[in-house]
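**Q** below are the sequence and a predicted model for it; my questions follow.
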Amino acid sequence: MPGAWTLVWSELRAAVAAALDAAGFATPERLARLDFAIPRDPSHGDWTTNFCMLVAKEAGQSPRAIADAIVKHFPADHPMIGAVEVAGAGFLNFRYRDSFTASLPARILAAGEAFGRSDFGAGEKIIVEFVSANPTGPMNIVSARAAAVGAAIVSVLNAAGWQAASEFYVNDAGNQVDLLGASLKARFRARIGEDGTLPEGGYQGEYLATLAAELPEAEARAALASDDAAWWRAQALERMIAWQQRDLARYGVTFDRWFRESELHLSGAVDETKRALDQRGVTYLSVKPLGVSEAAQARVDSEEGASAGDAPATWLKTHDQGDDMDRVIVRADGRPTYLLPDIAYHRDKRDRGFRRAINLWGPDHHAYVTTLTSALKALGLEDDFLKVQIVQYVKLMQGDEEVKMSKRLGQFETLADLVEEVGSDCARFFFLQLSSNAHLKFDMEKAKERSDKNPAFYVQYAHARCCSLARKGAERGLTAETGDSAPLTAAEEVALVRKLSTFPEVVRGAAAAREPHRVPTYLMELSAELHRYYHNCPVLKAEPAVARHRLRVHDAARQVLSNGLALMGVSAPERLDREEEAEA
RNA sequence: GCGCCCGUAGCUCAAUGGAUAGAGCGUCAGCCUCCGGAGCUGAAGGUUACAGGUUCGAUUCCUGUCGGGCGCACCA
């Protein structure tokens, strides 16, 4: 199958494992440590492994002796690898055959949009929950970061062979939604000239006035007359969710499912979860927690406010599972705390067949990570079922000044503002460049500049340049080479093609580590290689055979840039309008 | 007080425990009779906060110190 691309990593691993077996050196423990990486320095080959050094001590042999054994049993006629060398302290370096390297552009183009995809994840079902902002206001800039990162994680997982689904959890069951409804009601009253005083702790944002203006007036007046709190609640909730969905859609982020907390209450899943916990014997009735770490004990003793009088609540034994103290799941008055539906929600995820769950949370919830994972262990889910990743704050800067955000005060930079001012391509590229658990300073002034200071353009420009070259070539009757490839000669060409070939490995690594920022990092490096090649190896001015060969290399680069940007949710335009021309 | 995250070039940030720690921006010096100069080439810029430890090897893992951020409710 000409379109198929097999991970070189997999091929290499199989070949070396076979060599180890032939040498009588293979054990399951050793094979588990067999991994390959792409060396930074090209002089170290196309692939390298540190395996020999890792197992030398345990095997009682020198790294070199092990390396020699592998070299001896490695197939001399391997279709990809032409040379295996022992280097340094015991590295084993692998080099592609020239014929294989030369065939790479054609292979990449044959794979097309599928280049970069692999079956590494073996179809494991995984659910990625992100943003999950409360439906009490428009999307803010932290949600924008989480949305970009979450969507990219889903993309790279699916590309690398997992079956990943995206989900947005809507907290629509809490009293905050009641408060939101009451706030909307006040805004409506203000609009029709009545007393529009907001309720205690109500939401002050202007967006509620906007929503109030959109309400069907007759219905709203009727709800006001009959004091129908449920109507206000439902109106506020549904309109707020629709707003969030609209903002996210404009940003290019959609979810496979918007899961509502209320579903869990209505279906009885919350009660069922409570019973399941009771049956496992991990709950108890008490006024104070029984399982408490030493450090938390002082807090329990000092805070009388924590308990509602002397009535006993239902506690969950999370302390046994690593939490610093047990947690209440049902209050003394019989209402569940937020923890119980959260447990029910993750139980539901597992029941839907997901083997793993990834949650992206804001840093204000990081203390809750241990509590929830402990609770899920108490429920009996696999220890590695839930993995919470913290997406750190975005510090929004206007030049040197920090812009403070507060949803309740209605003072924040929204996702919609960001998309309008910066564009979703720049915003998403910007967010994805950084590892998600690092703090991020987002300078609006700088991001707004449509100039060479904006890194997103660098990659898009590289793509547009490839497209332009193909167009110009076609005008002159030059099309990309097909069939067998001429050998690669120029150093810039070898470097570029080598870089192109590593894309599937980058995607695999990004998916396995759930680190989508590796993709833009790679695309920046690739673009630099491409620009170097372009400057040093003229295409259309070369003799036709060379020109057609270089056109194919550029086309392969275009394909990889396009595939990479697609994973990021960033567009790959075939042309970029130039600012100078636009102004002229 | 306890816990989590972070500390890498002037700034923003990279670097599955690997070989000489890299980009972008900024600064300085060059490159358009030429396929898109939103580009390329070169220079300067580092005790990876500090001190120990683990090992063939540490920016990466462990302990401590310092500095910054965040969190510690029968709120979500």
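**A** Thanks, I have it.
**Q** can you list the domains in chain A?
**A** Using automatic domain parsing, the domain parsing of chain A gives A:8-96, A:130-266+A:392-448, A:455-583.
**Q** contacting residues around the spatially most central residue of chain A?
**A** Chain A has A:Ile153 as the residue nearest its centroid, 2.7 Å off, counting by Cα atoms, centre = their mean. By Cβ atoms under 8 Å, 6 or more residues apart in numbering, A:Ile153 lies in contact with A:Val128, A:Phe130, A:Ala164, A:Ile358, A:Leu360, A:Ala511, A:Arg514, A:Pro516. Quick note: C-beta positions are derived from backbone N, CA and C, even for glycine.
**Q** quick one: which of the domains of chain A is nearest A:Gln321?
**A** Ranking those by proximity to A:Gln321 (Cβ to Cβ) places domain A:130-266+A:392-448 first, at 21.8 Å.
**Q** is RNA strand B contacted by that closest one?
**A** Yes: residues of domain A:130-266+A:392-448 contacting RNA strand B under Cβ under 7 Å from any atom of the strand: A:134, A:171, A:173-176, A:261, A:392-393, A:433-435, A:437-441.
**Q** report the distance from stretch A:283-300 to the chain centre.
**A** Distance of stretch A:283-300 from the chain centroid (Cα atoms, centre = their mean, to the nearest Å) equals 37 Å.
**Q** with stretch A:125-135 instead?
**A** Taking the mean of its C-alpha atoms, stretch A:125-135 sits 11 Å from the chain's own mean (Cα atoms, centre = their mean).
**Q** list the buried residues in it.
**A** Buried positions in stretch A:125-135, judged by neighbour count with 16 or more other Cβ atoms under 10 Å: A:Lys125, A:Ile126, A:Ile127, A:Val128, A:Glu129, A:Phe130, A:Val131, A:Ser132, A:Ala133, A:Asn134, A:Pro135.
**Q** and the end-to-end length of it?
**A** Taking Cα to Cα, to the nearest Å as the measure, stretch A:125-135 stretches 28 Å from start to finish.
**Q** let me see the mean pLDDT of that stretch.
**A** Mean per-residue pLDDT for stretch A:125-135: 93.
**Q** same deal with stretch A:61-73?
**A** The predicted model assigns stretch A:61-73 a mean pLDDT of 93.
**Q** and the helix or strand containing A:Ala298, how far out from the chain middle?
**A** Element membership for A:Ala298, per DSSP states H and E: helix A:294-302. Distance of helix A:294-302 from the chain centroid (Cα atoms, centre = their mean) equals 37 Å.
**Q** list of residues touching that helix?
**A** A:Lys288, A:Pro289, A:Val292, A:Ala306, A:Asp324, A:Met325.
**Q** so where do the strands sit in chain A?
**A** Using DSSP state E, the strands of chain A run over A:47-49, A:81-87, A:91-96, A:125-129, A:163-170, A:257-260, A:283-286, A:313-316, A:327-330, A:356-361, A:386-390, A:394-398, A:401-402, A:440-443.
**Q** A:Thr371 is nearest to which of the ones you listed?
**A** strand A:327-330 (5.7 Å).
**Q** tell me where the model's unsure across the stretch 401-550 of chain A.
**A** A:401-412, A:449-452 (pLDDT under 70).
**Q** what residues does the stretch 1-150 of chain A have near RNA strand B?
**A** A:35-37, A:39-41, A:43-45, A:48, A:50, A:53-54, A:56-57, A:87-91, A:93, A:134.
**Q** 10 Å instead, please
**A** When proximity is defined by Cβ under 10 Å from any atom of the strand, the stretch 1-150 of chain A lies next to RNA strand B at A:33, A:35-41, A:43-45, A:47-58, A:63, A:85-94, A:132-136.
**Q** quick one on the thing from earlier: and the domains of chain A as CSV, adding distance to A:Leu340?
**A** Formatted as CSV, the domains of chain A follow (distance: least, Cβ to Cβ, whole Å):
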stretch, distance to A:Leu340
domain A:8-96, 39
domain A:130-266+A:392-448, 9
domain A:455-583, 28
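**Q** I'd like to know which of those is closest to A:Ala111.
**A** Of all the domains of chain A, domain A:455-583 comes closest under Cβ to Cβ, at 8.2 Å.
**Q** that older thread, looking at the domains of chain A, which is nearest to A:Gly116?
**A** Here domain A:455-583 is closest among these (Cβ to Cβ), at 4.8 Å.
**Q** distance from the chain centre to that closest one, please.
**A** Relative to its chain's centre, domain A:455-583 lies at 24 Å (Cα atoms, centre = their mean).
**Q** show me the shaky parts of the stretch 51-200 of chain A.
**A** For the stretch 51-200 of chain A, no range has pLDDT under 70.
**Q** can we see that at 80?
**A** A:174 (pLDDT under 80).
**Q** now the helices for it?
**A** A:51-59, A:63-73, A:98-111, A:141-159, A:175-191 (DSSP state H, counting those that start in this stretch).
**Q** of the buried residues of stretch A:125-135, closest to RNA strand B?
**A** Closest approach to RNA strand B among these (Cβ to the nearest atom of the strand): A:Asn134, at 5.4 Å.
**Q** looks like the closest one contacts A:Gln176 (just checking).
**A** Yes: A:Asn134 is within contact range of A:Gln176, at 6.3 Å (criterion: Cβ atoms under 8 Å).
**Q** state the pLDDT value of the closest residue to A:Ala269 other than its chain neighbours.
**A** Spatially, and ignoring its direct neighbours in sequence, A:Ala269 is nearest to A:Ala344 (4.6 Å; Cβ to Cβ, 6 or more residues apart in numbering). With respect to pLDDT, A:Ala344 scores 96.
**Q** same deal with A:Glu581?
**A** Reported pLDDT for A:Glu581: 44.
**Q** so how far is A:Ala313 from the residue nearest to A:Arg221 when sequence neighbours are not counted?
**A** In space, and not counting its chain neighbours, A:Arg221 is closest to A:Ile192: 7.5 Å by Cβ to Cβ, 6+ apart. Separation of A:Ile192 from A:Ala313 (Cβ to Cβ, to the nearest Å): 44 Å.
**Q** of these two, who's got more company?
**A** When A:Ile192 and A:Ala313 are compared for neighbours, A:Ala313 comes out ahead with 21 against 12, by other Cβ atoms under 10 Å.
**Q** show me what contacts that one?
**A** Here A:Ala313 is in contact with A:Leu285, A:Ser286, A:Val287, A:Ser307, A:Val328, A:Val330, A:Arg331, A:Ala332 (criterion: Cβ under 8 Å, 6+ apart).
**Q** rank those by pLDDT and give me only the lowest.
**A** A:Ser307 (51).
**Q** tally of neighbours for the residue nearest to A:Leu285 when sequence neighbours are not counted?
**A** Spatial nearest neighbour of A:Leu285, chain neighbours left out: A:Pro312 (4.5 Å); criterion: Cβ to Cβ, 6+ apart. Counted with other Cβ under 10 Å, the neighbours of A:Pro312 add up to 14.
**Q** which parts of stretch A:99-113 are buried?
**A** A:Phe100, A:Thr101, A:Ala102, A:Ser103, A:Leu104, A:Pro105, A:Ala106, A:Arg107, A:Ile108, A:Leu109, A:Ala110, A:Ala111.
**Q** got the contact list for it?
**A** A:2-5, A:79-80, A:82, A:115, A:482-483, A:485-488, A:494, A:497-498, A:500-501, A:552-553, A:555-556, A:559-560, A:562-563, A:566.
**Q** and these, which are buried?
**A** Using 16+ other Cβ under 10 Å, the buried ones in those are A:5, A:80, A:82, A:115, A:485, A:488, A:494, A:497-498, A:500-501, A:552-553, A:555-556, A:559-560, A:562-563, A:566.
**Q** and A:Phe457, how far is that from A:Gln433?
**A** 13 Å.
**Q** pipe the helices of the stretch 51-200 of chain A into CSV and attach distance to A:Leu415 per row.
**A** Supplementary listing: the helices of the stretch 51-200 of chain A in CSV, determined by distance: least, Cβ to Cβ, whole Å:
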stretch, distance to A:Leu415
helix A:51-59, 46
helix A:63-73, 52
helix A:98-111, 35
helix A:141-159, 5
helix A:175-191, 19
